[in-house]
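1. Sequence below, structure please.
(chains A and B)
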Amino acid sequence: MQTIYFDNNATTAVDPEVLEAMLPYFQGHYGNPSSMHHKGGEVATALREARQRLADLLGCEPGEIIYTSCGTESDNTAMWSALRTQPDRRHLVTSRVEHSAIINNAAFLKRLGYQITEVGVDREGRLDMDQLLKSLTPDTALVTLLWANNETGVLFPIEEIAQLCAERGLVFHTDAVQAVGKIPINLKATKIDMLSLAGHKIHAPKGIGALYVRKGLKFAPFMIGGHQEGGRRGGTENVPYIIGLGVAARLAGERLPEENTRVKALRDRLEDGLLKIPYTMVNGHRTQRLPNTTNISFEYIEGESILFHLSHAGICASSGSACTSGSLEPSHVLRAMGVPFTAAHGSIRLSLATTNTEEEVTEALKIFPEVVKKLRDLSPFWKDDGPVVESEMLSCDANNCQICN
Amino acid sequence: MWEYTDQVMEHFERPRNVGVVARIDGEGQVGSLSCGDALRLTIQVDKAKDIIEDAKFQTFGCASAIASSSALTEMIKGRTVDQALTITNQDIANYLGGLPREKMHCSVMGQEALEAAVANYRGVKPKAVEGQIVCECFGVTDVEIERVIRANRLTTVEEVTQFTKAGGGCGKCQEKLERILTRILHRAAPKAGSGNGQGKGRMTALKRIKLIEDAIVNQIAPALMRDGGDIELVDVDGPEVLVALKGSCASCPSAKRTLADFVTERLRALVDPEIVVREYRPD
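-> Got it, this is the predicted structure:
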């Protein structure tokens, strides 16, 4: 069975060129870049080059990059740095559709007595800009927002928001883990103060991330230790992975036009084909969105069941249904958008990459209708070719939860 | 990814008895589209013999919800209505070779649908809708929660959520669940203690053995006896607890799983999370 991997927002395959570049740094070039001998010196030189390549992708200076272990560490570092360097400010602004790294930190801060504003989104996942502007106060220590939503691909106007924050003297951070390599980013032309990214979303391995910190911004380290990363992140450098991320960054820059033409066309063809199945809908704005992502709801069937049948047929995808998350409620992103419960439980995210092909899309368009039919034939809410609107089980007796309301 | 057994995947991919029976003598509906899973069970009954001639299901839900529904219909077909009513949610889970803890509510949903269908057939009110609603998000009553806690010997709020979904939405009712648990555990197991047994300070070897013995005699054995089985403590050696299975357990093909899932889980929850259970075979 051929695998059709449409889950590139979860993680990507390591590019062979990336792996090849990394391998010598496990055995031959094993030196510590801090060492005062040639084994250390050769590694330090390679690290400088890798840092330059990542800086080129982001449009920043190499010294503005701090390597971390992952996107979550980058988010934590940014958030706690902003709070610790401005101890008199006790307010944080974020959104209702953030990654768990931000959401769970915000919940923790709330318990510590911080005031948290979670700005809402509209039915298409776009940020409520009026609410955002009203929430900005002189007490705001940090504004942190996703650049591209991992579930829907919807983009927030991050450059514009960074400008608005700068005008008010507020620190602004963006989690750009899904945006890097998929949309053009030129940090020196923006007022963004901090930006998080993760290597494994752009064909580098898991276990390497980075945080951009604008030169001149007050910074307090999250990991306290040695002089590495200019004393901003202690710990011996993860040399092979930093080298890998450097190559991945160069490749991402080279492939950016393809992401926005060929990959986008594949995504659009896949999406248009799936929308031909009755009772389906796209979650998220159709144009203010990443070129590789679509989030589609198949009404009256449940996401986990869809995923298992897809997986059986070789297709890898993910879902915002309650059952896949291990919690009992569907995705917080879809709920914040007000996606009706008939659709939230049956939402499927398909995220493509340059590694995907026309043939895969054609094959997927054959498999999906069969899977959907199979599950609808089982569903008490479906009869023949349409929904059973008179079913007593459409909403629950309690009718009092966040899902129903 | 969930670790589903081959039986779960088999019943998910090739579900048995899908649809609606030819003559609906009883019908049970549990769950809802908004809650994320819903099951409609219909039964056709030979009224002279009180035997379930046919049972069919329609399910909206995850793989384990579909598999539990399919298993349920296979288990009740050909049985008398009274026999069918003795089926517990754990029986449904066992039929499928076990379910992940987080998915046990799927088996509870099957049992509830069966009760509702039989109640409908007999023209009485189903048990599950009695009582006061405790969890407003998922509409779970105190009667239902209490029944599931007792039947499955639950000890934590997390388990109650895994089995009934109660407390898994907004979380506001978790304190109420804690109170229900405390009340039931206090009554059911005054000796073994309601917590994880680790308590304050270090547990002595003697105290630990006593706790293990207490848990087996007062909690685990009674549960197995309801299914015609029994269990006896043979030895305790470090983290290993050696037990002998008796009665119907001794020859039961799912005995190994009973050991691994039920006994281990109970002993870990009641005494020590490090416990490993081994079966004693006198040969």
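
2. so where's chain B uncertain?
-> Low-confidence segments of chain B (pLDDT under 70): B:127-129, B:187-202, B:227, B:248-260, B:282-283.

3. Report the buried residues of the biggest helix by length in it.
-> Longest helix in chain B by number of residues (criterion: DSSP state H): helix B:104-122. Judged by neighbour count using 16 or more other Cβ atoms under 10 Å in any protein chain shown, the buried positions of helix B:104-122 are B:104-121. For the C-beta atoms, the positions are set from N, CA and C on the backbone; glycine is no exception.

4. what's the spacing between that helix and its chain's center?
-> Counting by Cα atoms, centre = their mean, to the nearest Å, helix B:104-122 is centred 13 Å from the centre of its parent chain.

5. Just checking: what are the partner strands of the helix or strand just after it?
-> Scanning forward in sequence from helix B:104-122 by DSSP states H and E, the next helix or strand is strand B:133-135. Strand pairing for strand B:133-135, using DSSP bridges, gives strand B:140-141 (antiparallel).

6. What average pLDDT does stretch A:163-181 get?
-> On average, the pLDDT along stretch A:163-181 is 98.

7. Pull it out as PDB, backbone CA atoms only.
-> What follows is stretch A:163-181, C-alpha atoms only, in PDB (Å, rounded to 0.1, in the frame of the first residue of the first chain):
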ATOM      1  CA  GLN A 163       3.200  47.800  13.900                       C
ATOM      2  CA  LEU A 164       0.200  48.600  16.100                       C
ATOM      3  CA  CYS A 165       2.000  47.200  19.100                       C
ATOM      4  CA  ALA A 166       5.200  49.100  18.400                       C
ATOM      5  CA  GLU A 167       3.300  52.400  18.200                       C
ATOM      6  CA  ARG A 168       2.000  51.700  21.700                       C
ATOM      7  CA  GLY A 169       5.400  50.500  23.100                       C
ATOM      8  CA  LEU A 170       4.200  47.000  23.600                       C
ATOM      9  CA  VAL A 171       6.300  43.800  23.100                       C
ATOM     10  CA  PHE A 172       5.000  41.600  20.300                       C
ATOM     11  CA  HIS A 173       5.700  37.900  19.800                       C
ATOM     12  CA  THR A 174       4.400  35.500  17.100                       C
ATOM     13  CA  ASP A 175       4.400  31.800  16.900                       C
ATOM     14  CA  ALA A 176       5.300  31.300  13.300                       C
ATOM     15  CA  VAL A 177       5.900  27.600  13.500                       C
ATOM     16  CA  GLN A 178       3.400  26.900  10.600                       C
ATOM     17  CA  ALA A 179       4.200  30.100   8.600                       C
ATOM     18  CA  VAL A 180       7.900  29.800   8.200                       C
ATOM     19  CA  GLY A 181       8.800  28.300   4.800                       C
END
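
8. Please identify the buried residues of it?
-> For stretch A:163-181, using 16+ other Cβ under 10 Å, the buried residues are A:164-165, A:170-181.

9. And stretch A:310-322, by the same measure?
-> Buried positions in stretch A:310-322, judged by neighbour count with 16+ other Cβ under 10 Å: A:310, A:313, A:315-322.

10. Turn these into CSV, columns for secondary structure and distance to A:P138.
-> Shown next, in CSV, are the buried residues of stretch A:310-322 (DSSP: H, G, I helix; E, B strand; the rest coil; distance: Cβ to Cβ, whole Å):
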residue, secondary structure, distance to A:P138
A:L310, helix, 50
A:A313, coil, 56
A:I315, strand, 51
A:C316, strand, 47
A:A317, coil, 45
A:S318, strand, 41
A:S319, strand, 42
A:G320, coil, 37
A:S321, coil, 42
A:A322, helix, 40
